[in-house]
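> After the sequence you'll find the predicted model.
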Amino acid sequence: MFRFRFARLTEDSLRNSLFEASREAARLLRRPPMKLSVIVPLFNEEESLLELCREIIDTCDKNDISFEVIFIDDGSTDSSWIVVKEAGRIDDRISGIRFRRNFGKAAALTAGMRAADGDYIMMMDADLQDDPSEIPKFIAKLEDGFDVVNGWKQRRLDPWHKTKPSKVFNWMVGRLTGLVLHDHNCGLKLFRREVTHEIRIYGELHRFIPVLAHARGFKVTELSVNHRERQFGHSKYGMKRFLRGFLDLCTVKFLTGYGQRPQHLMGGIGLTLFGLGGVGMTWLAMTWLRTNVFGVTGLGDIGGRPLLAYSIASLLLGAQAISLGFVAELLVSYTGKDLDTYSISERAEPHSKSEAESVAV
């Protein structure tokens, strides 16, 4: 009798589970395509979250934009996660992801991109300095034929010790990468879903999303935005951010310029050093011959000259650089097999193939 009841219970549970799954699938099929996914990484921003949700919902509903908001709690120690869950209960277009600890903004954005369903992905900070009313302008700009729209805080309400170094940083990024934007650090960005499939961000490379997309051939532009004063809390970034930003810029320059051909950089440096060392050693050899073979006096002993040490060091460093280039080429060859070295914009199918597919349908 117990076995019969257990089997009956298991059968009913399975039937109910299948029914719920089919109903959920039907709901998803009936749901119109998601146009916009707003990704909001946060760290201890409990005071601003509900107001941010209200502004995003009001703007998108007013402009008839299908959307979702994905909050990524990057290890907050306040009540931010409780607020996110409460917002999700109020509106099912709001969801959240909670990290076990603080992993950084790039990790939070990566998690949000993987969870997003929208055709367009928007990055937005949680401190209310980014204005959600800019969303329709960003979408209109993107639909003008661009793939990435970067915000530009033309009238920036930040202290001078943040604005002045930022201008220098933006100039350096433009000079080294070829993508000239006024505000690479702006947290408000919109890009097509395809961009997330072709770039990988880690560490603190999130500020270089436009640069990485531009290196893959995507069209990048910028749009002036309304920058607001911080209402709650304080900035989570200090002066170390600028040093890290410079190091990340060097990394991005290497990845975008020589990521698939590292020997062109290391080999070029190595050949230059090897050549300088060779010239120095040749000069010293000629001096030795003139002194010891042809009897020219007054040239001195070559063993005590600094040029000898410099030449030997240049030869060794040059050989090491070339060797590192070969090692890097091996790593790229064996680990980069699944990474496409190109980016496809669109395809044109043969007319006969298109007709065959339409007949089959």
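Alright, I've got the coordinates. Numbering: from 1, shown residues only.

> How about the contacts made by residue 151?
Taking C-beta atoms under 8 Å, 6 or more residues apart in numbering, we find residue 151 in contact with 130, 134, 138, 183, 186-189, 222-223, 225. Where you see a C-beta, it was placed from the backbone N, CA and C, and this is true even at glycine.

> Out of those residues, which comes closest to residue 115?
Residue 115 has its nearest neighbour among these in residue 189, at 17.3 Å by C-beta to C-beta.

> If we go by neighbour counts, what in the host helix or strand of residue 221 is buried?
In the assignment (DSSP states H and E), residue 221 maps to strand 220-224. When burial is assessed from 16 or more other C-beta atoms under 10 Å, strand 220-224 yields the following buried residues: 220-223.

> Name the next helix or strand downstream of the worst-scoring helix or strand of the chain on mean pLDDT, please.
Of all helical and strand segments in the chain, the minimum by mean pLDDT, DSSP states H and E falls on helix 2-30, at a mean of 48. Scanning forward in sequence from helix 2-30 by DSSP H and E, the next helix or strand is strand 36-42.

> Any idea how far that following strand is from the middle of the chain?
From the chain centre to the centre of strand 36-42 is a distance of 15 Å (C-alpha atoms, centre = their mean, to the nearest Å).

> Note down every partner strand of that strand and its orientation.
The strands that strand 36-42 pairs with in its sheet are strand 67-73 (parallel), strand 120-123 (parallel) (by DSSP bridges).

> Show the subsequent helix or strand relative to the longest one.
So that's strand 67-73. Downstream of strand 67-73, the next assigned helix or strand under DSSP H and E is helix 80-90.

> what's the angle from that next one to strand 36-42?
For helix 80-90 against strand 36-42, the angle by axes from the mean of the first three to the mean of the last three C-alpha atoms, to 10 degrees is 150 degrees.

> what is the mean pLDDT for the very next helix or strand once past helix 80-90?
Using DSSP H and E, the next helix or strand after helix 80-90 towards the C-terminus is strand 94-98. The average pLDDT within strand 94-98 is 95.

> One more: stretch 342-357?
Across stretch 342-357, the average pLDDT comes to 67.

> can you check stretch 232-241 too?
Here stretch 232-241 scores 64 as its mean pLDDT.

> Which residues does the strand holding residue 221 contact?
134, 137-138, 141, 146-152, 154, 179, 181-183, 210, 213-214.
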